[in-house]
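Colleague: Could you look at this predicted model? Sequence included:
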Amino acid sequence: MFEIIYNMLGQALPFEWARHIFMLNALLAVLIITPVFGILGTMIVNNRMAFFSDALGHSALTGIAIGVILGFRDPLWAMLLFSVLLAVTITLVKSLLNASTDTIIAVFSSTAVALGIVILSRGGGFNKYSRYLIGDILGIAPHELLMLAGVSLLVILFWGFLFNSLLLVSINSSLARSRGINIRLIEIIFCILTAVVVTSAIQWVGLLIINSLLVLPAAAARNITSNIRQYHLVSVAIALVMGVTGLVLSYYWGSAAGATIVLLTAAAFISTLLLRHLGRAFSGVKNEGAQTQALDEEILHSRNSSL
Amino acid sequence: MHQHHSADESIKATCGLCCTKVENFGVAYGKSVILDNVNLHIHCGELTALVGPNGAGKSTLLRAMLGEIPHTGELRFLDNSDARIRKPVIGYIPQRIEFDTGAPISVMDLFSASQTGIPVWFKHLRKLRERILYSLSRVQAEHLIDRRLGDLSGGELQRFLLALALEPIPDLLLLDEPIWGVDRPGKTNFYRIVSDLRHQFDLSIILVSHDLDMVLKHADRVVLLNKTVQCSGTPEEVFSNQKAVQAFGTVWLGK
């Protein structure tokens, strides 16, 4: 099956980099995973969960350590289990205690990172795990591509069936509740989903930068969009275009692919930020600007009249 | 489309004598009692204003009626069209909605998210858009449909939430008025719309209010709440009551 895909890609892409199977695998990985990051990121950013997803990424270190202790060759399952556990714990503790979410996440995240480093660095052997920090998308194998595709399918299913509920919960929980939505359930599913996506991509992207890949496309899209549909389209487009461009550039530069992609996505964020503030090029931005101005005038007017 | 709606509404309007009873409501957090032995009797077509000092438990009562916080006592709704006691359909507007004002979510997005299962990132059906425009027209807010939520003024947001709470037309409408953020013209407009809707849809409305002028002008009944019902009756009766004078002072009551 993969032979056919390689042949097709090889013919469609008459470039030097596309002659290597590892580059084609990496390209497929980027094509599968970046749109999912673009989609998931929209609600991570809307719910101000960037710090949460960052903690999940960092906690992977403990997952790897647990995998090593248990003697797994591939620590993926240990990582998955641990990050899901952490996601659920944070969500529950958050709703039980009244402490600030930031503090709770920081406590869990730093504990997980420290524990992971302590276990993995025993006897001075941490270096062999440093590939998890930076990520190595060029080393991805076909069966791992299938796994990523499975995870993407999960996200798309969730987005198809429960997105509207998730949106209502993110706006106001009382409002969502008056519509008969099980708030706790939606929140927990979303957190678990985030944990699964982050963890399954971590060894290809690198745990230092995986969160940027999740947050930046959506953050960039927010600058220039005014409804959910545009938000998704632009976020996915930025993630995809920057993902593929970053991969190809990293081949010629000899740099780490994950970091190169993140750098380009950051550039996209800065560009859209500038676009919004210059208020041109995008017609949507023009309208929005005009509306805000009209609103200001309305407020000013009503203030004057009430004085 | 429109015919369909007016048929719906005329059925609703013939309903007559339904009533909602709050019986013996109590809410406590640990040892501190927020509400105790609250009894209310609300008829449809009536606007009941819930007033009381800060911390009197007004918002808590609404949220307990919604079933959002644990409480003792019972909420009963008697639908006169089939003379049966059942669970009421409740429309609710929270006092504040704290959302990220930078989020690219339009009025249309949030409205359709609460109306359909078709994910809003996928597609907006034209039929749905027409339906939402119609819903928004009830509160004179059709022009807001493509606005971003973060760009709405306080009054516009309140009207949008009202339109949302009216879809479907509820048996009981619970409105928690924001303390600030809505200017004077916005407030006048809101009370006028709520007042009209009450008659149009024969709604039972409970409105937590901080504006006694407006209460005097629009409410059918007033309930002074402070942990329990201190007094209730017509606005004139309640505002001349000694307890109300103590709670608000004579200046507030316009004497």
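Modeller: Here it is on my side, so go on.

Colleague: Please identify the nearest residue in space to residue B:108, excluding sequence neighbours.
Modeller: In space, and not counting its chain neighbours, residue B:108 is closest to residue B:145: 5.1 Å by Cβ to Cβ, 6 or more residues apart in numbering or on different chains. The C-beta positions use only the backbone N, C-alpha and C, and glycine is treated the same way.

Colleague: quick one: residue A:228 and residue A:171, what's the gap?
Modeller: 12 Å (Cβ to Cβ, to the nearest Å).

Colleague: Between the two, which contacts overlap?
Modeller: residue B:105 (Cβ atoms under 8 Å, 6 or more residues apart in numbering or on different chains).

Colleague: So which of the two has more stuff around it?
Modeller: Per other Cβ atoms under 10 Å in any protein chain shown, whichever of residue A:228 and residue A:171 has more neighbours is residue A:228, with 28 against 20.

Colleague: need the contact list for the more buried one.
Modeller: A:42, A:167, B:104, B:105, B:106, B:109, B:120, B:121.

Colleague: and which of the residues you listed is nearest to residue B:73?
Modeller: When the contacts of residue A:228 are ranked by distance to residue B:73 (Cβ to Cβ), residue A:167 comes first, at 33.3 Å.

Colleague: tally of neighbours for the closest one?
Modeller: Residue A:167, neighbours per other Cβ under 10 Å, totals 25.

Colleague: same thing with residue A:180?
Modeller: Counted by other Cβ under 10 Å, the residues lying close to residue A:180 total 7.

Colleague: try residue B:195
Modeller: The local packing of residue B:195 (other Cβ under 10 Å) involves 17 other residues.

Colleague: Apart from its chain neighbours, what residue comes closest to it?
Modeller: residue B:218 (4.6 Å).

Colleague: That neighbour and residue B:208: what is the separation?
Modeller: From residue B:218 across to residue B:208, the span is 14 Å (Cβ to Cβ).

Colleague: returning to that earlier point: which residues does the residue nearest to residue B:108 contact?
Modeller: Neighbouring residues of residue B:145 by Cβ under 8 Å, 6+ apart: B:106, B:107, B:108, B:111, B:129, B:132, B:133, B:136.

Colleague: Quick check, the first one in contact with residue B:149.
Modeller: Looking back up the chat, that one is residue B:106. Yes: with contacts counted by Cβ atoms under 8 Å, residue B:106 reaches residue B:149, the gap being 7.1 Å.

Colleague: Look at those two and report which has more neighbours.
Modeller: Neighbours per residue, other Cβ under 10 Å: of residue B:106 and residue B:149, the larger number sits with residue B:106, 26 against 23.

Colleague: At which residues are the helices of the stretch 151-300 of chain A located?
Modeller: A:173-178, A:183-205, A:210-222, A:228-253, A:257-278, A:283-306 (DSSP state H, counting those that start in this stretch).

Colleague: So which of these is the most surrounded?
Modeller: Of all the helices of the stretch 151-300 of chain A, helix A:210-222 has the most neighbours on average by mean count of other Cβ atoms under 10 Å in any protein chain shown, namely a mean of 27.

Colleague: For the most far-flung residue of chain B relative to its centre, give me phi and psi.
Modeller: Distance from the C-alpha centroid of chain B peaks at residue B:122, with 31.3 Å (Cα atoms, centre = their mean). With angles defined as degrees, to the nearest 10, residue B:122 sits at phi -80, psi -60.

Colleague: That one and chain A, how far apart?
Modeller: Look at residue B:122 and chain A: by Cβ to the nearest Cβ, to the nearest Å, they are 8 Å apart.

Colleague: can you pull the pLDDT of that residue?
Modeller: Model confidence at residue B:122, given as pLDDT, is 87.

Colleague: Ok, the one 5 residues further on next?
Modeller: On the pLDDT scale, residue B:127 is placed at 90.

Colleague: give me the number of residues near it?
Modeller: Residues near residue B:127, counting by other Cβ under 10 Å, number 9.

Colleague: which regions of chain A lie under the pLDDT threshold?
Modeller: Across chain A, residues meeting the criterion (pLDDT under 70) sit at A:98-99, A:280-307.

Colleague: and the stretch 101-250 of chain A, which of its residues are near chain B?
Modeller: Within the stretch 101-250 of chain A, the residues that sit near chain B (Cβ under 8 Å from any Cβ of the partner chain) are A:159-161, A:163-165, A:167-168, A:170-172, A:174-175, A:177-179, A:221-222, A:225-232.

Colleague: if you set the cut-off to 6 Å instead, what comes out?
Modeller: Within the stretch 101-250 of chain A, the positions adjacent to chain B are A:160, A:163-164, A:167-168, A:171-172, A:174, A:177-179, A:222, A:225-229, A:231-232 by Cβ under 6 Å from any Cβ of the partner chain.

Colleague: Tell me which stretches of the stretch 51-200 of chain A form strands.
Modeller: Shown for the stretch 51-200 of chain A, no strands are assigned by DSSP state E, counting those that start in this stretch.

Colleague: nope, chain B is what I was after
Modeller: Ranges of strands in chain B, per DSSP state E, are B:19-29, B:32-43, B:46-51, B:72-79, B:84-86, B:90-93, B:172-176, B:204-208, B:221-226, B:228-233.

Colleague: So which of those strands is nearest chain A?
Modeller: Among these, strand B:90-93 comes nearest to chain A, with 4.2 Å by Cβ to the nearest Cβ.

Colleague: Spatially central, which residue of chain B would that be?
Modeller: residue B:175 (2.3 Å).

Colleague: Run through the bridge partners of it.
Modeller: Per DSSP bridges, the residues bridged to residue B:175 are residue B:93, residue B:207.

Colleague: For it, give me the pLDDT.
Modeller: 93.

Colleague: Roughly how far does it sit from residue B:200?
Modeller: Noted for residue B:175: a distance of 16 Å to residue B:200, by Cβ to Cβ.

Colleague: do the same with residue A:245
Modeller: 57 Å.

Colleague: so what's residue 111 up against?
Modeller: In the absence of a named chain, chain A is used. If you count contacts by Cβ atoms under 6 Å, 6 or more residues apart in numbering or on different chains, residue A:111 has none.

Colleague: try again with chain B
Modeller: By Cβ under 6 Å, 6+ apart, the neighbours of residue B:111 are residue B:132.

Colleague: if you set the cut-off to 7 Å instead, what comes out?
Modeller: B:132, B:164 (Cβ atoms under 7 Å, 6 or more residues apart in numbering or on different chains).

Colleague: now do residue A:62
Modeller: By Cβ under 7 Å, 6+ apart, the neighbours of residue A:62 are A:82, A:112, A:115, A:116.

Colleague: filter these to the buried ones?
Modeller: Buried residues within the contacts of residue A:62, defined by neighbour count using 16 or more other Cβ atoms under 10 Å in any protein chain shown: A:82, A:112, A:116.

Colleague: which among those residues gets closest to chain B?
Modeller: Nearest to chain B among those, with distances taken as Cβ to the nearest Cβ, is residue A:112, at 27.3 Å.

Colleague: okay but residue B:226 is in contact with residue B:50, surely?
Modeller: No: with contact defined as Cβ atoms under 7 Å, residue B:226 does not reach residue B:50; the gap is 10.9 Å.

Colleague: To residue A:265, which of the strands of chain B lies closest?
Modeller: For the strands of chain B, proximity to residue A:265 was assessed by Cβ to Cβ; strand B:90-93 is nearest, at 38.9 Å.

Colleague: by contact count, what packs against the closest one?
Modeller: When contacts are defined as 3 or more Cβ pairs under 7 Å, 6 or more residues apart in numbering or on different chains; DSSP states H and E, strand B:90-93 sits against helix A:173-178, helix B:154-165, strand B:172-176.

Colleague: Other residues contacting it?
Modeller: Contacts for strand B:90-93 (Cβ under 7 Å, 6+ apart): A:174, A:178, B:66, B:161-162, B:165-166, B:170, B:172-176.
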